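predicted model, plus sequence, below.
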Amino acid sequence: MTCRRGASCACYVGFFYFLYLFNIGNTQLLINVKNQGGDVLQESISSNVSEDTVTLEFQRSDGTLITQLVDFRNDVQILKALVLGEEERGQSQYQVMCFVCHFRKGDFISSDAMSKLRQKNPGTIRTPEEDRGRENHTMEFLVDVPRSGVISRHIASLCGEAGDATYTRDQDIKLWASQPGASLSALLSAVTRVPPTATPRCLETADLWTPCVCHLETCIGWYPCGLKYCKGKGDAKGKGGGGEYRCGIKTCKKCSLFAYYVRQKQLCLWDE
C-alpha cells in the first residue's frame, strides 16, 4: 500500500506505519522472528526518546536472554547475555556477561524514528530484508562498572550483575576518545587490560579451572536498521515539488562473535 505525501491519516507501509501527528516518548513492539534453526523467537523492541536509547531483548531457544541497548548520545552499544547454568556440570546459577562497543551511526534507526513505529499484524512471523553477516570482536579490556559512566551511564544499570565480566575493546576506547569533549585518560581509568592473549581458547583446554579465551556468538535476527525514502509525485496539475519523504523502514539481521577472557573454563562450558 502506498501513501500520499502529507496525508493526515496514519500511513501504513509494509507492516508498520508512522504517526506524523504526534510523538510518543516510549513505545514497545513485539516481533515474531524465525531463527536459523526454524524456532520462532519473540523480540521486544522499545524506544526512550528522552534518554535517546533503543532496547531490544529476546530469549534464545537455549534459554539465553539477550539484551541490546543502543545509547545514541554516546555512540555506545551494550550487549548483555544471561546464560543459564548447566546443573549436570556443577553450575547451579546463571552467568551474565556484557560487551560494550562503539556504535556506528546508521546501524539502527534513531530512538525518535523508532518511537513512531506501529505494528499492523502482530502475529506475523518476520524475516529481515538484509543479512549483514557476522562481526568478530576480540575484547581486550575489562570494564570497571562503577566507573563506567565515563563511557555510558547505562552500563551500570544494565551490567550490574555482570560485574567484572563486562568487556570492551581498545579500538572502541580510541573511537570514544576522539569525540568532542572526551578524555582518553578518563576512559582508560574505567578499564583494565585483560591478561596476555597467549591464554588458550577454552575449546582447547580440558581443565575446567584453567583461564582461557571464551567465544560467544549472538545473532539479532531482525531489527530496524534504516529508513526508506520515497519520492513525491508533485501536485495534481503535474507541477513539480515532490521531494523525498520517509515512507518505511529497512530491516536487517546481524551476528556478533565475542572472544573474551574468563578466569576458568567452568565459565565457558558452551564453547566446546
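Yep, that arrived.

from here on, just use CA atoms for contacts and neighbour counts.
Will do.

residues in contact with residue 160?
residue 145 (Cα atoms under 8 Å, 6 or more residues apart in numbering).

state the pLDDT value of the residue nearest to the spatial centre of the chain.
The chain has residue 68 as the residue nearest its centroid, 3.6 Å off, counting by Cα atoms, centre = their mean. According to the per-residue confidence, residue 68 scores 97 in pLDDT.

before we move on, what about residue 142?
As predicted, residue 142 sits at a pLDDT of 97.

do residue 218 as well
Listed pLDDT for residue 218 reads 94.

follow-up on the earlier one: tell me the secondary structure at the nearest residue to the residue nearest to the centre of the chain once chain neighbours are set aside.
Of all residues beyond its chain neighbours, the one nearest residue 68 is residue 79 (4.5 Å), with distances taken as Cα to Cα, 6 or more residues apart in numbering. Classification of residue 79 using DSSP: H, G, I helix; E, B strand; the rest coil returns strand.

what's across from residue 79 in the sheet?
Note on residue 79: beta-bridge partners by DSSP bridges are residue 68, residue 99.

cool, and residue 250?
Counting by DSSP bridges, residue 250 forms beta bridges with residue 226.

ok, how many other residues are close to the residue nearest to residue 68?
The local packing of residue 79 (other Cα atoms under 10 Å) involves 25 other residues.

was I right to think it contacts residue 100?
Yes - here residue 79 reaches residue 100: they are 6.5 Å apart, a contact under Cα atoms under 8 Å.

tell me the contacts of residue 220?
Contact partners of residue 220, counting by Cα under 8 Å, 6+ apart, are 253, 254, 255.

now the second one: phi and psi?
Put plainly, it is residue 254. Note on residue 254: backbone dihedrals following degrees, to the nearest 10 are phi -150, psi 140.

for it, give me its contacts.
Contacts here follow Cα under 8 Å, 6+ apart; on that basis residue 254 touches 131, 132, 133, 134, 135, 219, 220, 221, 222.
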